[in-house]
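Student: curious how this folds, go ahead:
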Amino acid sequence: MRRPPVPTLLSAFLTLLNDRLGESIVFPLLPFLLAGFNADGRTLGLLAGSYALAQFTVTPLIGALSDRFGRRPVIATCVSGSVLGLGLFAITVSLDWPIGSTLPLMLLFAARLIDGISGGTAATAGAVLADVTPPERRAQAFGLIGVAFGLGFIIGPFLGGQLARISVTLPVWVATGFAVLNLVVVLLLLPETHARDARRAMPRKRDLNPFAQIAKVMGNPAVGRLCLSFFLFFLAFNGFTAILVLYFKQRFNWGPELATTAFLIVGVVATLVQGGLIGPLVKRLGEWRLTLIGLGLVIAGCLLIPATDPEQAQVGVFSAVAILATGTGLVTPSLRSLVSRRLDSEGQGAALGSLQALQSLGSFLGPPVAGLSYDLIGAASPFLGGAMVLALVILLVSGSPLPLNSDLNTSSPEHSRGKA
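Tutor: Alright, predicted model coming up:
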């Protein structure tokens, strides 16, 4: 069996890396980039959430377009949008604007929306890997997705923090430059991998409506509560992480380097958990227990941040975000797996696609709510509120109406005999 061609794998890998790298470079620096415009929690939350809103709206359409017209034109168009969005953002934060002008904020929101709309590259790049890889090697090929995302979450904050020591706007220009490199590689090296005889007609408009997909899966008694848990988890998590750097900046007087170091720790720990620990832990404890353990860790990390003494800020914060990252690394794959195992094979694709829509919806709604709470109630309120929502998630997961004994220890001989 022939191996997938290297240029195709390189193009897909760089596209996946660019998808995470651009966001992981810019996101931790948003409060510093906004300092000359409007640095309140509401603006920060809306700007952080606008990217996810755009992704939520167009991701089903991008997938359908790649099935209809092929992978190459869709990826090239999306990467071009990433270049445009990041470039507009970089230009806007680099110019001197008149005091009180609303135009720069409008341009920043436009840039985030453009970047979010073109952010469907991950699914299409995954489709490229599926196109060129035989089924028996597909799991190995899909490992590139995890590697690219892990590297993106690690390299992005580190690079952003180091470059911000020179200029706070320089990391955005570097992210734009990487997107340009990605576009050049796609245009020069990526062949079309989706055969014409395998292409599908565009689906009906209602089938592209993400809310319709969500309503369908939420109404499924087998997974409805778990899907609601998935949404609430990302609502809470993306809420308090959106204002995290602003909190560090105002409470601890941290600059970009320390703030991005916290996100670097998150990237390293989450990659280690999801890349190496999750498999053995699932075999030993099962997805249900891991989900509950992970939620407990996220709550603990969430509460430790506002409890940190400013005189011991680095030790307290870095410990808290490491706990947060460990919990998140356990919850996300375990909760997805719980949903998947409660469905037959025919319902897998739609339900797991709806989980992505729920994640994007939670990522959009969480930051503005947290930002508003930060401004009106107090700096600690997004963390306390997030912990309360996560406690509700624990109740939903632990109170699942379906038998959970099959999730408790998937590797035991008793389980194997029961499955047989």
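Student: assign the nearest residue to A76 once chain neighbours are set aside to helix, strand or coil.
Tutor: Closest residue to A76 apart from its sequence neighbours, by C-beta to C-beta, 6 or more residues apart in numbering: V186 at 5.3 Å. Every C-beta, even on glycine, is put in place using the N, C-alpha and C of the backbone. State at V186, reduced to three classes by DSSP: H, G, I helix; E, B strand; the rest coil: helix.
Student: cool, and N38?
Tutor: Following three-state DSSP, N38 is assigned to coil.
Student: that one against L105, yeah?
Tutor: Yes: here N38 reaches L105: they are 6.2 Å apart, a contact under C-beta atoms under 8 Å.
Student: neighbour count: those two, which is higher?
Tutor: Per other C-beta atoms under 10 Å, whichever of N38 and L105 has more neighbours is L105, with 17 against 14.
Student: where in the stretch 201-350 of the chain is pLDDT low?
Tutor: In the predicted model of the stretch 201-350 of the chain, residues 203, 206-208, 340, 343-350 satisfy pLDDT under 70.
Student: which residues of the stretch 101-250 of the chain fall in helices?
Tutor: Ranges of helices within the stretch 101-250 of the chain are 103-117, 121-132, 138-164, 170-189, 210-218, 224-242, 244-251, based on DSSP state H, counting those that start in this stretch.
Student: now do the buried residues in the third one.
Tutor: Of the residues in helix 138-164, 141, 144-145, 148-161, 163-164 count as buried by neighbour count, 16 or more other C-beta atoms under 10 Å.
Student: what angle separates it from helix 170-189?
Tutor: Angle, helix 138-164 to helix 170-189, by axes from the mean of the first three to the mean of the last three C-alpha atoms, to 10 degrees: 140 degrees.
Student: just checking, what packs against helix 138-164?
Tutor: Packing partners of helix 138-164 (3 or more C-beta pairs under 8 Å, 6 or more residues apart in numbering; DSSP states H and E): helix 6-26, helix 121-132, helix 170-189, helix 256-272.
Student: list the buried residues in stretch 60-78.
Tutor: Applying a neighbour-count criterion of 16+ other C-beta under 10 Å, the buried positions in stretch 60-78 are 60-67, 70-72, 74-78.
Student: so which of these comes closest to L372?
Tutor: Closest approach to L372 among those (C-beta to C-beta): P60, at 28.7 Å.
Student: other SSEs contacting the strand or helix carrying that closest one?
Tutor: Per DSSP states H and E: P60 is located in helix 41-69. Here helix 41-69 touches helix 30-33, helix 71-94, helix 103-117, helix 121-132, helix 210-218, helix 224-242, helix 348-376, going by 3+ C-beta pairs under 8 Å, 6+ apart.
Student: tell me how far G177 lies from G156.
Tutor: To G156, G177 is 14 Å away according to C-beta to C-beta, to the nearest Å.
Student: re earlier: how about the helices and strands packed on helix 41-69 in TSV, adding distance to P382?
Tutor: Formatted as TSV, those follow (distance: least, C-beta to C-beta, whole Å):
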stretch	distance to P382
helix 30-33	14
helix 71-94	24
helix 103-117	20
helix 121-132	27
helix 210-218	24
helix 224-242	4
helix 348-376	4
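Student: out of the ones you listed, which comes closest to L295?
Tutor: Between L295 and the helices and strands packed on helix 41-69, the shortest gap by C-beta to C-beta is with helix 224-242, which sits at 7.5 Å.
Student: list the helices and strands the closest one packs on?
Tutor: When contacts are defined as 3+ C-beta pairs under 8 Å, 6+ apart, helix 224-242 packs onto helix 41-69, helix 210-218, helix 287-307, helix 313-341, helix 348-376, helix 381-398.
Student: ok and the third one relative to helix 224-242, angle-wise?
Tutor: It stands for helix 287-307. Between helix 287-307 and helix 224-242, the angle comes out at 30 degrees (the same axes, to 10 degrees).
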